[in-house]
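1. Got a predicted model here, sequence first, then my questions.
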Amino acid sequence: MDFPRLSLETWRALWVRLGARSDPAPAHAAVLASYAEPHRAYHTGEHIARTLGLFDGIRGRLRRPDEAELAVWLHDLV
């Protein structure tokens, strides 16, 4: 499945907005690999993509939307 909301480009944009200077690709790959682990029944890339889609609808109401977006990306990583 392809989820544009999980693209490297959207991750890179967030990475830059948060002030990170390193290459965002390794972290992005690690996040996606974690959500693709076979034991995950619910907390998958699809779940994160859908959650980010919902987040996009409330982004403008938040004081620190970039930090909140990162929390959505990472909330089920471990």
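-> Yep, it's here. Residues are numbered from 1 along each chain as shown.
2. can you count the residues close to Trp43?
-> Trp isn't right for residue 43; it's His. By the measure other C-beta atoms under 10 Å, the count of residues near His43 is 17. Every C-beta, even on glycine, is put in place using the N, C-alpha and C of the backbone.
3. ok, now Asp2?
-> 7.
4. That one: what secondary structure?
-> Assigned with DSSP: H, G, I helix; E, B strand; the rest coil, Asp2 falls in the coil class.
5. ditto for Ser22
-> On the three-state scheme (three-state DSSP), Ser22 is labelled coil.
6. Check the gap between it and His28 for me.
-> Counting by C-beta to C-beta, to the nearest Å, the separation of Ser22 from His28 is 11 Å.
7. What of Arg21?
-> From Arg21 to His28 the distance is 15 Å (C-beta to C-beta).
8. Could you export stretch 46-53 as CSV, CA atoms only?
-> Extracted C-alpha coordinates of stretch 46-53, given in CSV (Å, rounded to 0.1, in the frame of the first residue of the first chain):
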residue,chain,number,x,y,z
GLU,A,46,-1.7,2.6,7.5
HIS,A,47,-2.7,3.5,11.1
ILE,A,48,-0.1,6.2,11.2
ALA,A,49,-1.1,7.6,7.8
ARG,A,50,-4.8,7.7,8.8
THR,A,51,-4.0,9.3,12.1
LEU,A,52,-1.8,11.9,10.3
GLY,A,53,-4.8,12.6,8.0
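9. quick one on the thing from earlier: which one's more surrounded, Ser22 and His28?
-> Under the criterion of other C-beta under 10 Å, the comparison of Ser22 against His28 puts His28 first, with 20 against 8.
10. Could you pull up the residues touching the nearest residue to that one once chain neighbours are set aside?
-> In space, and not counting its chain neighbours, His28 is closest to Trp11: 4.3 Å by C-beta to C-beta, 6 or more residues apart in numbering. Trp11 sits next to Pro24, Ala27, His28, Val31, Trp73 when contact means C-beta atoms under 8 Å, 6 or more residues apart in numbering.
11. Please identify the helix or strand for the second one.
-> Assigned by DSSP states H and E, Ala27 falls within helix 25-35.
12. ok, residues contacting the helix or strand just after that helix?
-> Per DSSP H and E, the first helix or strand lying C-terminal to helix 25-35 is helix 45-56. Helix 45-56 is contacted by residues 1, 3, 5-6, 32, 35-36, 68-69, 72-73, 75-76 when judged by C-beta under 8 Å, 6+ apart.
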